[in-house]
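[1] Just need the structure, nothing else, for what follows:
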Amino acid sequence: MLLVWVLIGSLVGIAVMVAANAWLGLNEPARLSSLDDAISRLDTDAVGFDAGEGILAEDGSAALVEAADHSVIGLLVARGDGLVIRYLKPGLVRAARIGEGGQLTIKLADFTFPPVTVPLGQSTHIRLWADKLNAMQG
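    The predicted structure is shown next:
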């Protein structure tokens, strides 16, 4: 019987922590505020990253930024309350597909990084970025 009370107490305690987290607003997912924010984060991660062209997801959940020398593309993706950064080089991209509604789905050869869908909406540059990524297939 004691084990049941311990289990119930644990569940109630977890529920109270989740409710307090939601009430305090501590569960906000990470977002990029602008393309400049993405470039700044890339420069912080890889000091001296010289940014060229870039594109930001409509909801700020991801960004693609090409290096000025076209050698690498920085991919930033919001995962939980943080951002995951990958530097895409030739051979690392498995596929980049354009879906309905202007979504770019990127699959990498990195098994630790699940496919990511970047909502670009009606951006006229979505085909350009899909072609750049597909040119990096290995």
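
[2] low pLDDT regions in this protein?
    Applying pLDDT under 70 to the chain flags the ranges 138.

[3] all strands in it, in order from the N-terminus.
    51-56, 62-67, 73-79, 82-88, 93-99, 103-108, 116-119 (DSSP state E).

[4] Serialize the ones you listed to TSV and add fields for distance to Leu133 and mean neighbour count.
    All C-beta spots, glycine's among them, are computed from the backbone N, C-alpha and C. Below are the strands of the chain laid out as TSV (distance: least, CB to CB, whole Å; neighbours: other CB atoms under 10 Å):
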stretch	distance to Leu133	mean neighbour count
strand 51-56	11	18
strand 62-67	8	23
strand 73-79	7	21
strand 82-88	7	17
strand 93-99	4	17
strand 103-108	6	19
strand 116-119	10	19
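
[5] Could you report the neighbour count for Ala38?
    By other CB atoms under 10 Å, the residues close to Ala38 number 26.

[6] Touching, it and Glu66? I think so.
    No: between Ala38 and Glu66 there is no contact under CB atoms under 8 Å: 11.6 Å.

[7] who touches both of those two?
    Taking CB atoms under 8 Å, 6 or more residues apart in numbering as the criterion, Ala38 and Glu66 both touch Gly54, Gly74.

[8] before we move on, back to that, quick one: closest of the strands of the chain to Ala30.
    Taking CB to CB, strand 73-79 is the member of the strands of the chain nearest to Ala30, at 4.1 Å.

[9] Pull the residues that contact that closest one.
    With CB under 8 Å, 6+ apart, strand 73-79 has contacts from 29-32, 38, 41-42, 46, 49, 51, 60-67, 83-88, 106, 116, 118, 132-133, 136.
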